[in-house]
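**Student:** structure for the following, please:
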Amino acid sequence: MKFVFCRLKEGESMNLNKLLRQNRRKIFRQISDKLHRKGGEKYRERPFEELLTTTAEATDGFHAVLAGNDFSQIDGFIAKIAPMRLKSGFTSSDVQRAFDFYRIVLVPILSDTLQPNEFHQSLNKLNLAFTEIIAKFTDLFQELHEWEIRDLSRKLQEEVAARTKDLSESEAKYRVLVEDINDGYFVNQNGIIVFANMAFCEMHGCTMEELIGRSYLDLTAPRSTADVKTFYERHLNRQTSSDQYTYYRRHKNGRYFPTEIKMKVIPYNGTYAAAGICRDITERVKMERKIREAESLAHIGELTTSLAHEIRNPLASVKVGMQMLLKKGNLDASGRRTLEISSGEIARLERILESMLDTAKPLSLNFDRVNLNSIIDSCIELLQAKIDEKGIRLTKRLSQRVKSALLDKEKMEQVIINIVLNALEAVSFSGRISIVTKIGEKGKRANIVEITDNGQGISKEDLPYIFDPFFSKKKKGTGLGLAMVKKIVEAHGGQVSAFNRKKGLRLTFSIPING
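**Tutor:** Below is the predicted model of the structure:
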């Protein structure tokens, strides 16, 4: 999938190109330093000079994409680094994290140097480039990894066949080779895990002793249990030719992760068992989700254009007609009430349509230097009547360390109001809502806002989708409020997330401090 980047104006392109050239050495040296200190054990084992060389090549490739939409250099680097890292025992996540350091290093430089419009256009371009580059790397890395596993499997079969007379030595070598595979390997016999490598144990957060002897369904998320059981039984009975499927595995900490598994029926201890290799695909699922979100927004744009033409104009005519009827004095009480209800519903439809149009169209931000604390104060003052009406106890803990930043004040007010209104709807009478502001941890120049309620929270199944357009479990909800929150926050270069608490929900968003 090819992304089409928003082109900066001629003067702005020159600013970005010049910025990338001037900061080239600073960027790749900072990335090398972060890799060496924070990239994990595998990167700490590599010679620092090697890291400097590879990060310089990657930086030049990224710069070519950002400056001229030229992917040839980064494609060459991916073709070189993928087999190199795979051979050295790196996982796909290790190298993806290394790529991410480029974005982590570059964003503050863009934020501190460019004008707001240039910054947000460059940030958008960087994010699109990063998504495509990670996708290219992941596809190649997985292809190489699968080839390595197939090659390893072939070698294992040849070795076992050649050494059938010395079974104990063959088994020992087999175990060593399986432990060297980065993906999880297991043997499932009669529904029980009878063998697993350490990677499989780590994927589930368990020790070998905790896993061996357990039912394979204990390691499966409830949403996937029925499908996994059906696939296993059909595969064992040779009722399906497919040997690969995806499911959600259950981690010891209670979390669920998307997983891809390849399974094969093998003879084991005198009978048949299912041997499988499983791989965590969390990053791939996230990437696919981002692509779907982009496609969804494109469809919404087409839909709202049609709605604006087909519904908005007739709706306005009906509204005017009802207003004229209401002005007449010859209506009885029942007729007048009916018209007032209908008029109110038309107004609600207009608000829904307006929300859809706002969600679909590109945001136009008007930046001004504002303090988030003052925005929160004004929003709460505006909502105070609703808060008092439900007897809600609202507490604010606004840090004086929060910095003024370049923001679109009206859009940020929309974010605060949408989140607080959601909290008000979630809590019962005399419930509690708290609003906390703080600054990011060391090295993160960002203002952070946390809004927490003690309502019912969101189910684990629904939580990943609450920022999707049109996703709502409320009777009168449109599912556009939190989608707009996410759009506005990300347009400012920030991030938004939601977490269930023991009781209630916490929505958190961060906005970078630029300028």
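**Student:** where does the stretch 401-515 of the chain dip in pLDDT?
**Tutor:** 442-443, 470-471, 473-479, 515 (pLDDT under 70).
**Student:** same deal with the stretch 151-300 of the chain?
**Tutor:** Ranges of the stretch 151-300 of the chain meeting pLDDT under 70: 160-161, 163-181, 239-242, 290-300.
**Student:** residues in contact with residue 182?
**Tutor:** 89, 91, 145, 199 (CB atoms under 8 Å, 6 or more residues apart in numbering). For glycine as for every other residue, the C-beta is placed from the backbone atoms N, C-alpha and C.
**Student:** which parts of the stretch 1-150 of the chain are helices?
**Tutor:** Using DSSP state H, counting those that start in this stretch, the helices of the stretch 1-150 of the chain run over 10-22, 24-38, 41-45, 48-68, 72-87, 92-113, 116-162.
**Student:** in three-state terms, label the residue of the chain most remote from its centre for me.
**Tutor:** Distance from the C-alpha centroid of the chain, by CA atoms, centre = their mean, peaks at residue 330 (58.6 Å). When classified by DSSP: H, G, I helix; E, B strand; the rest coil, residue 330 comes out as coil.
**Student:** list only buried entries from the contacts of residue 182.
**Tutor:** 91, 145, 199 (16 or more other CB atoms under 10 Å).
**Student:** ok, residue 23 touching residue 108?
**Tutor:** No. In this structure residue 23 lies outside contact range of residue 108 using CB atoms under 8 Å: 10.7 Å.
**Student:** the strand ranked longest in the chain: how far from the chain's middle?
**Tutor:** For the chain, the strand reaching the highest residue count under DSSP state E is reported as strand 256-268. In terms of CA atoms, centre = their mean, to the nearest Å, the centre of strand 256-268 is set 26 Å apart from its chain centre.
**Student:** now the angle between helix 116-162 and that strand, please.
**Tutor:** Using axes from the mean of the first three to the mean of the last three CA atoms, to 10 degrees, the direction of strand 256-268 lies 10 degrees away from that of helix 116-162.
**Student:** now for the next helix or strand after strand 256-268, which elements pack on it?
**Tutor:** For strand 256-268, the succeeding helix or strand toward the C-terminus, using DSSP states H and E, is strand 271-280. Counting contacts by 3 or more CB pairs under 8 Å, 6 or more residues apart in numbering; DSSP states H and E, strand 271-280 packs against strand 184-189, helix 198-203, helix 222-236, strand 256-268.
**Student:** nearest to residue 324, out of these?
**Tutor:** Minimum separation from residue 324 across the helices and strands packed on strand 271-280 (CB to CB) falls at helix 222-236, 53.9 Å.
**Student:** which SS class is the residue nearest the centre of the chain?
**Tutor:** For the chain, residue 286 is the residue whose C-alpha lies nearest the centre (CA atoms, centre = their mean; 4.9 Å). Secondary structure for residue 286, judged by three-state DSSP, is helix.
**Student:** for residue 135, see how far away it is.
**Tutor:** 11 Å (CB to CB, to the nearest Å).
**Student:** before we move on, what about residue 57?
**Tutor:** 19 Å.
**Student:** likewise for residue 69?
**Tutor:** 16 Å.
**Student:** looking at the two, which is more packed in?
**Tutor:** Neighbours were counted for residue 69 and for residue 135 using other CB atoms under 10 Å; residue 135 has more, 18 against 14.
**Student:** tell me the confidence at that one?
**Tutor:** At residue 135, the predicted lDDT confidence score is 85.
**Student:** hang on, it packs against residue 283?
**Tutor:** No. Contact criterion CB under 8 Å: residue 135 and residue 283 do not qualify, at 10.0 Å.
**Student:** who does residue 450 form a beta bridge with?
**Tutor:** Going by DSSP bridges, residue 450 is paired in beta bridges with residue 436, residue 508.
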